[in-house]
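**Q** here you go, sequence then predicted model.
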Amino acid sequence: MKSGRTITDQAIGSRSLPDLAAFATVAELRSFTRAAARLGISTSMLSYTIKRLEKGLGIPLLHRTSRSVSTTEAGERLLRTLAPALASIEETLDGLAQQHDHVTGTVRITATRQAYEAVIRPVLGSFADRHPDARVEVSIEYGFRDIVADRFDAGIRLGEKLADDMVAFKAGPELRMAVVASPTYFERRSPPREPRDLAGHRCINYRMVAADAVYAWEFEQNGRPIRAAVTGPLLTNEPDVMLQAALDGLGIAYVLEHEADVHLRAGTLVRMLEDWTPSFPGFYFYYPSRRRVSAALASLVRILRERHVET
């Protein structure tokens, strides 16, 4: 005869809230190692905690292999109920802390390295000074993530690539691209004078992870946009690699102006087609409009807005 109790009822009756939260963290990150790091405990202790929870329930919650971790059908059912409940508890605790001007918790952000350097890194010191018991967790990646489904609090992307149904604000200055190469590259070649001349040069290509496509360099002059599909000896999804390849004399790279600036001033890179690369909207910070904002995220947003107004 069935008892009528749900898997969540059984879990709550069998174990403590920290055990359930530990399971939710492993299920979210699909890794005992990463979950243990986030929770601040050893991997062996976390494994013991999950086994204890499963033993109390009498049913496995996770599939484990040497390469991956995933939820069982029962684990997925539990997670669907547990995740919003834990989020609600965390939001309530944040609210109580905010009432006493004591901000705790973690702000999880997805961003490219360039976005992190331009937006988050400059304000981390101020955020840490104001809220020593809060922290920022940044996941550096170049593909687009669904921040709601993947349980991020916020993201940073270029203005023209914002997600729908998000609160967004400009969090940095306008940007420009720069077409650059090492002087040694031009010892036996003539610099391109317009985008179509790039067809005769070795160029460092960029693969867009989200679209799984090779990026066509974008130019504009007098309001006329041009896209140039270039070829060359290297294709990468990491802008730092592109910049270093240009410094090594491998070919011409298309990078953010401020990242090449120190090398341009030093003369280790030269710039071309400058009239064809106007500025464009910079990075935007965004977060879900339908989710309650935690005290830690609200404080980070205030600091970012203050900094952008000042700059």
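**A** All right, it came through fine.
**Q** what's the domain layout of the protein?
**A** 17-98, 105-174+282-310, 175-280 (the TED database).
**Q** for those, give me JSON lines that also has mean pLDDT and mean neighbour count.
**A** C-beta here means a position set from N, CA and C on the backbone, and glycine is covered the same way. Output for those, formatted as JSON lines (pLDDT from 0 to 100; neighbours: other Cβ atoms under 10 Å):
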{"stretch": "domain 17-98", "mean pLDDT": "83", "mean neighbour count": "16"}
{"stretch": "domain 105-174+282-310", "mean pLDDT": "86", "mean neighbour count": "17"}
{"stretch": "domain 175-280", "mean pLDDT": "93", "mean neighbour count": "16"}
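**Q** helix, strand or coil for the nearest residue in space to residue 42 that is not next to it in sequence?
**A** Nearest residue to residue 42, sequence neighbours excluded (Cβ to Cβ, 6 or more residues apart in numbering): residue 36, at 6.2 Å. For residue 36, the assignment made with DSSP: H, G, I helix; E, B strand; the rest coil gives helix.
**Q** surely residue 36 and residue 46 touch.
**A** Yes - Residue 36 is within contact range of residue 46, at 4.5 Å (criterion: Cβ atoms under 8 Å).
**Q** quick one: the strands in the stretch 101-250 of the chain?
**A** Ranges of strands in the stretch 101-250 of the chain, per DSSP state E, counting those that start in this stretch, are 105-111, 134-140, 154-158, 166-170, 177-181, 204-208, 213-214, 217-221, 224-228, 234-236.
**Q** so what touches the second one?
**A** Yep, that's strand 134-140 we're talking about. Applying Cβ atoms under 8 Å, 6 or more residues apart in numbering, the contact partners of strand 134-140 are 38, 103-113, 116, 120, 124, 127, 145, 152, 296, 299-300.
**Q** that one pairs with which strands, and in what direction?
**A** Using DSSP bridges, strand 134-140 pairs in its sheet with strand 105-111 (parallel).
**Q** any idea how far residue 129 lies from residue 303?
**A** Distance, residue 129 to residue 303, using Cβ to Cβ, to the nearest Å: 10 Å.
**Q** show the contacting residues for the residue nearest to residue 201 when sequence neighbours are not counted.
**A** Closest residue to residue 201 apart from its sequence neighbours, by Cβ to Cβ, 6+ apart: residue 252 at 5.4 Å. Contact analysis of residue 252 by Cβ under 8 Å, 6+ apart lists 179-181, 185, 192, 198, 201-204, 230, 232, 246, 272.
**Q** farthest-apart pair in those residues, please.
**A** Greatest spacing in the contacts of residue 252, by Cβ to Cβ: 232 and 272 (15.2 Å).
**Q** what sits up against stretch 149-167?
**A** 28, 83, 107-112, 115-116, 119-120, 139, 144-147, 168, 170-171, 175, 280-290, 294, 297, 300.
**Q** alpha carbons of that stretch, as CSV, please.
**A** Provided in CSV are the C-alpha atoms of stretch 149-167 (Å, rounded to 0.1, in the frame of the first residue of the first chain):
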residue,chain,number,x,y,z
ALA,A,149,18.0,27.6,-16.5
ASP,A,150,21.7,27.5,-15.4
ARG,A,151,20.9,29.3,-12.2
PHE,A,152,23.2,32.3,-12.8
ASP,A,153,22.2,35.6,-11.1
ALA,A,154,23.5,37.7,-13.9
GLY,A,155,25.4,37.9,-17.1
ILE,A,156,27.6,40.4,-19.0
ARG,A,157,27.5,40.6,-22.8
LEU,A,158,27.8,43.1,-25.6
GLY,A,159,24.8,45.4,-26.0
GLU,A,160,23.6,43.9,-29.3
LYS,A,161,23.5,40.4,-27.8
LEU,A,162,21.3,40.8,-24.8
ALA,A,163,18.8,38.1,-23.8
ASP,A,164,15.1,38.8,-23.7
ASP,A,165,13.1,39.5,-20.6
MET,A,166,16.1,40.9,-18.7
VAL,A,167,16.8,44.0,-16.8
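**Q** just give me how far it sits from the chain centre.
**A** 10 Å (Cα atoms, centre = their mean, to the nearest Å).
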